[in-house]
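A.B. asks: got a structure for you, letters missing:
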């Protein structure tokens, strides 16, 4: 097992999982009584939404830990997770727009859920812009961590929006379980697991790249210091 | 709303097309994983070397000063 993790061998387990999820989504799952085949957009939408929740939660936890410890390793985790979370939020918005067109007949409406998701995307896009604004890594990490926590406040609002306010967005997860046919639930769960696997892979790549960037900056500063530049 | 046999076939094609796309993407991601691992290893080596020794500053000319020049 250790060898599998060390040599990135775990990665190849993800391919059959993803192809399996695609098979369940496209071929195995039944049509919706009203939406027909366009129901299948939902599996991608839900998988991406689950990753958004996970990614921004990791960003929030890593940001708090950075503010407490001032260890830049946590800032790297927060940044990597926020970047990937923003990409997946874009996927949620795009797939939601396509599904909305099929289900409601409109591309966009200023519904509480849709609006809070768009705000979430804007907040984390701002977070990514802020990270490019300062060369001082510690100052940048502190500002970014504070903004990440402010932005994260929108995550529970986004989740609860369809329960707190009148919304045309369907409530899938209720107090009585998942509001869907059993076969659809299976397809949705496998999609969520496959998307989380994709997120883990991107995280591994991004964290390694950010660590390398940081180490190169350290070596460059060391050389500049010695050269007296 | 029931699907026709032709629509079902289209869905199968979509599944195959998306699977092919993901296989290609997984190939690229594997290359990225390998390259980032290599980068991490190289940078660790560089940092180790930096810790161990100073910059290689030449304290003597790279060419011996008494090399006989070519007679013109």
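C.D. replies: Nice, thanks for sending it over. On a predicted model such as this, the values are computed, not experimentally measured, just so you know.

A.B. asks: in a strand, residue B:2, correct?
C.D. replies: No. If the criterion is DSSP: H, G, I helix; E, B strand; the rest coil, then residue B:2 is coil and not within a strand.

A.B. asks: how about the contacts made by it?
C.D. replies: The neighbourhood of residue B:2, defined by C-beta atoms under 8 Å, 6 or more residues apart in numbering or on different chains, consists of residue A:31. C-beta coordinates here come from the backbone N, C-alpha and C atoms, glycine included.

A.B. asks: OK, contacts around residue 43?
C.D. replies: Let's take chain A. Listed by C-beta under 8 Å, 6+ apart, the contact partners of residue A:43 are A:21, A:24-25, A:29, A:187-188, A:191.

A.B. asks: nope, chain B please
C.D. replies: For residue B:43, the residues meeting the contact criterion (C-beta under 8 Å, 6+ apart) are A:211-212, A:215-216, A:219.

A.B. asks: take the residues you listed and keep only those in helices.
C.D. replies: A:211-212, A:215-216, A:219 (DSSP state H).

A.B. asks: any of these buried? List them.
C.D. replies: When the ones in helices among the contacts of residue B:43 are checked for burial by 16 or more other C-beta atoms under 10 Å in any protein chain shown, the buried set is A:211-212, A:215.

A.B. asks: what is the neighbour count of residue A:22?
C.D. replies: Under the neighbour criterion other C-beta atoms under 10 Å in any protein chain shown, residue A:22 is assigned a count of 25.

A.B. asks: quick one: it and chain B, what's the gap?
C.D. replies: With distances taken as C-beta to the nearest C-beta, to the nearest Å, residue A:22 is found 5 Å from chain B.

A.B. asks: give me the residues contacting the helix or strand where that residue lies.
C.D. replies: Residue A:22 is part of helix A:11-23, with elements assigned from DSSP states H and E. Helix A:11-23 is contacted by residues A:43, A:47, A:187, A:190-191, A:193-194, A:197-198, A:201, B:15, B:18-19, B:22-23, B:26, B:29-30, B:33 when judged by C-beta under 8 Å, 6+ apart.

A.B. asks: pLDDT averaged over that helix - what is it?
C.D. replies: Helix A:11-23 comes out with an average pLDDT of 91.

A.B. asks: contacts for stretch A:124-144 next, please.
C.D. replies: Contacts to stretch A:124-144, defined as C-beta under 8 Å, 6+ apart, come from residues A:56, A:63, A:66-67, A:70, A:72, A:75, A:78-79, A:82-83, A:85-86, A:89, A:147-148, A:151, A:214, A:217.

A.B. asks: just the buried ones from the residues you listed?
C.D. replies: Of the members of the contacts of stretch A:124-144, the ones counted as buried by neighbours, 16+ other C-beta under 10 Å, are A:56, A:63, A:66-67, A:72, A:75, A:78-79, A:82-83, A:85-86, A:89, A:147-148, A:151.

A.B. asks: from these, which two are the most distant?
C.D. replies: A:72 and A:89 (25.2 Å; C-beta to C-beta).

A.B. asks: spell out which parts of chain A neighbour chain B.
C.D. replies: The interface of chain A toward chain B, taken as C-beta under 8 Å from any C-beta of the partner chain, is made up of A:8, A:11-12, A:14-15, A:18-19, A:22-23, A:25-27, A:31-37, A:40, A:201-202, A:204-205, A:208-209, A:211-212, A:215-216, A:218-219, A:222-223, A:226.

A.B. asks: can I have the buried ones of these as a PyMOL selection?
C.D. replies: Here is the PyMOL selection string for the buried members of those, based on 16+ other C-beta under 10 Å:
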select buried, chain A and resi 8+11+14+15+18+19+22+23+25+26+31+32+37+40+201+202+204+205+208+209+211+212+215
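
A.B. asks: where does chain A dip in pLDDT?
C.D. replies: Counting by pLDDT under 70, the low-confidence segments of chain A come to A:1-7, A:229.

A.B. asks: now do the helices in it.
C.D. replies: A:2-6, A:11-23, A:41-69, A:72-104, A:112-131, A:137-152, A:154-164, A:182-227.

A.B. asks: now residue A:101. Nearest residue, chain neighbours left out?
C.D. replies: Beyond its immediate neighbours in the sequence, the residue positioned closest to residue A:101 (C-beta to C-beta, 6 or more residues apart in numbering or on different chains) is residue A:107, lying 5.2 Å away.
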